[in-house]
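Asker: return a 3D structure for these sequence lines:
(one chain, ligands or ions: 3)
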Amino acid sequence: MEIFKNIPTIKYEGPNSKNPLSFKFYDKDRVVLGKKMSEHLPFAMAWWHNLGAAGTDMFGRDTADKSFGAEKGTMEHARAKVDAGFEFMKKTGVKYFCFHDVDLVPEADDIKVTNSRLDEISDYILEKMKGTDIKCLWGTANMFSNPRFMNGAGSTNSADVYCFAAAQIKKALDVTVKLGGKGYVFWGGREGYETLLNTDVKFEQENIANLMHMAVDYGRSIGFKGDFYIEPKPKEPMKHQYDFDAATAIGFLRQYGLDKDFKLNIEANHATLAGHTFEHDLRISAINGMLGSIDANQGDYLLGWDTDEFPFDVYTATMCMLEVIRAGGLTGGFNFDAKNRRPSYTQQDMFEAYILGMDTFALGLLNAEKIINDGRIDQFVKDKYSSFNSGIGKKIREHKTTLVELAAKADEMGKPDLPGSGKQEYLESVVNQILFG
Ligand code: XLS
Ligand code: CA
Ligand code: CA
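Answerer: Ligands and ions are numbered 1, 2, ... in the order given. Reported below is the predicted structural model:
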């Protein structure tokens, strides 16, 4: 049964099309820098936002109807969501999906019941996947909504609750492996604290790391070959979250010996909440060999919370794609962890949101290609450090000098020439010229 009756398969019609249900820039087979657009941009649908979120916020109830013809909170509804999701992915050409355990089925009071529901729904999803090229990008366990996680999951003060975190991870890994998922995410929404007056930070971080080690051991034992990811976020719901940003998460992974199995899933809105640009956290991940996957969305610079908007900022998408291309691509993909604004409540709005997001990243990719082919930006950065190519600079790079030798050099010079100009304004105008010239 067709759910999105008035929505056709979305096709590329080019930048001049006025058809709202068409791609203007995402042309999946177009070759960019030697690869098809669809290979550069493995897009994913977030089960929770697209099939679940219906507009409820702190001040008001649902505006959208996401029942998909079934009664909410039932297994019939869980199956209707699968039907809707697969029809949506086929019509938009999105090839991957991401899920939390409780996005797939209604959670029961007894975890054994929830788990049998997960078995049932994952059979149904597997059935739906047959004959399509739709795949699972990553799975995760929701260890932040249920009241038992009020004091954290891996960081909880209750050993009993810790068992439930472990049980959910185990099951979410089972389902991820069953669906052939490429990755498994830890987003530590409740892994942090409100006040040090009631918190042993070291104890909590050790317990989180221990849980992650057990997850790796279990995952590998059932044949999971993909990457585990930490998804950093500085705050919300907690005041202080342990995985503040990319640099913090990398330090944690290295300290606890998890860096071989984990990479990072960088969400744009989380990077900006941490006071960084999106591209900053991508660069930090990439230079540490840990850029795994991306949650593609954007925040609002006027708001201090996680608005999860569909990305429309082409300039930021351009900077993102430059980072991704320079890093050699992602092992994961681009998951639209984004939701329609509350007044955009129709089925057509759901499609228009994905068209916006996919076109924005297609533009980002095309722009990144132009910047790379133009070469002026890369050349500038290369030249900027050229004093390290020879003489004393080369010795510094090769660790062949000492503070004593360098200090003697400084004495000899008395006063250095000023370093070359950073030329930020010129470079920004070069970018504008490449993008709009
Ligand atoms: C919330 C996070 C969450 C993760 C998965 O802010 O973005 O949705 O991506 O648990
Ligand atoms: Ca996210
Ligand atoms: Ca978010």
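Asker: show me what contacts the residue of the chain found nearest ligand 1?
Answerer: Going by Cβ to the nearest ligand atom, ligand 1 is nearest to residue 187 of the chain, at 3.6 Å. Where you see a C-beta, it was placed from the backbone N, CA and C, and this is true even at glycine. By Cβ atoms under 8 Å, 6 or more residues apart in numbering, the contact list for residue 187 reads 140, 144, 230-231, 233, 243, 265.
Asker: residue 54 against residue 72, yeah?
Answerer: No - between residue 54 and residue 72 there is no contact under Cβ atoms under 8 Å: 9.1 Å.
Asker: look up the residues that both of these two are in contact with.
Answerer: Here residue 54 and residue 72 share the contacting residues residue 66, scored by Cβ under 8 Å, 6+ apart.
Asker: do you know the pLDDT at residue 60?
Answerer: Confidence at residue 60, expressed as pLDDT, is 98.
Asker: I'd like to know how many residues surround the closest residue to it other than its chain neighbours.
Answerer: Nearest-residue entry for residue 60: residue 342, 7.4 Å, with adjacent residues in sequence omitted and distances by Cβ to Cβ, 6 or more residues apart in numbering. Residues lying near residue 342 (other Cβ atoms under 10 Å) number 16.
Asker: residues of the strand or helix carrying residue 404 that come out buried?
Answerer: According to DSSP states H and E, residue 404 maps onto helix 403-413. When neighbours are counted by 16 or more other Cβ atoms under 10 Å, no buried residue of helix 403-413 is found.
Asker: tell me the mean pLDDT over that helix?
Answerer: Helix 403-413 comes out with an average pLDDT of 98.
Asker: contacts for it, please.
Answerer: Helix 403-413 has contacts (Cβ under 8 Å, 6+ apart) with 392, 395-396, 416.
Asker: how about a cut-off of 10 Å?
Answerer: With Cβ atoms under 10 Å, 6 or more residues apart in numbering as the test, helix 403-413 has contacts from 391-392, 395-396, 401-402, 416.
Asker: which members of those are the farthest-apart pair?
Answerer: Spatial extent of the contacts of helix 403-413 (Cβ to Cβ) is set by the pair 402 and 416 at 18.7 Å.
Asker: can you tell me how far the residue nearest the centre of the chain sits from residue 173?
Answerer: Centroid-nearest residue in the chain: residue 295, 2.3 Å away (criterion: Cα atoms, centre = their mean). For residue 295, the distance to residue 173 equals 20 Å [Cβ to Cβ, to the nearest Å].
Asker: what kind of secondary structure is the residue of the chain found nearest ligand 3 in?
Answerer: Ligand 3 sits closest to residue 306 of the chain, with a gap of 4.2 Å, by Cβ to the ion. What DSSP: H, G, I helix; E, B strand; the rest coil gives for residue 306 is coil.
Asker: wait, doesn't it sit right on residue 270?
Answerer: Yes - under the criterion of Cβ atoms under 10 Å, residue 306 makes contact with residue 270 at 7.1 Å.
Asker: neighbour count winner among the two?
Answerer: The neighbour count for residue 306 versus residue 270, taken as other Cβ under 10 Å, is higher for residue 270 (30 against 19).
Asker: OK, contacts around whatever residue of the stretch 151-300 of the chain ends up closest to ligand 2?
Answerer: Taking Cβ to the ion, ligand 2 has its nearest neighbour within the stretch 151-300 of the chain at residue 295, 3.8 Å off. Counting by Cβ under 10 Å, 6+ apart, residue 295 touches 44, 46, 98, 185, 187, 229, 231, 233, 265-271, 308, 332-338.
Asker: from residue 57, how far off is it?
Answerer: Relative to residue 57, residue 295 is positioned 20 Å away (Cβ to Cβ).
Asker: residue 135 and residue 179 touch, don't they?
Answerer: Yes - counting by Cβ under 10 Å, residue 179 is a contact partner of residue 135 at 8.0 Å.
Asker: which residues are common contacts for the two?
Answerer: By Cβ under 10 Å, 6+ apart, residue 135 and residue 179 have these common neighbours: 97, 129.
Asker: give me the secondary structure label for residue 20.
Answerer: Assignment for residue 20 (three-state DSSP): coil.
Asker: what pLDDT is listed against the closest residue to it other than its chain neighbours?
Answerer: In this structure, residue 20 finds its nearest non-sequential neighbour in residue 352, 5.9 Å apart by Cβ to Cβ, 6+ apart. We have a pLDDT of 99 for residue 352.
Asker: now do residue 77
Answerer: Residue 77 is assigned 98 on the pLDDT scale.
Asker: elements contacting the helix or strand it falls within?
Answerer: Per DSSP H and E, residue 77 falls inside helix 75-92. When contacts are defined as 3 or more Cβ pairs under 10 Å, 6 or more residues apart in numbering; DSSP states H and E, helix 75-92 packs onto strand 43-46, helix 47, strand 96-100, helix 101-104, helix 111-129, helix 347-374.
Asker: turn the ones you listed into a markdown table, including mean neighbour count and distance to ligand 3.
Answerer: Formatted as a markdown table, the helices and strands packed on helix 75-92 follow (neighbours: other Cβ atoms under 10 Å; distance: least, Cβ to the ion, whole Å):
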| stretch | mean neighbour count | distance to ligand 3 |
| --- | --- | --- |
| strand 43-46 | 25 | 10 |
| helix 47 | 20 | 14 |
| strand 96-100 | 26 | 12 |
| helix 101-104 | 24 | 14 |
| helix 111-129 | 16 | 24 |
| helix 347-374 | 20 | 14 |
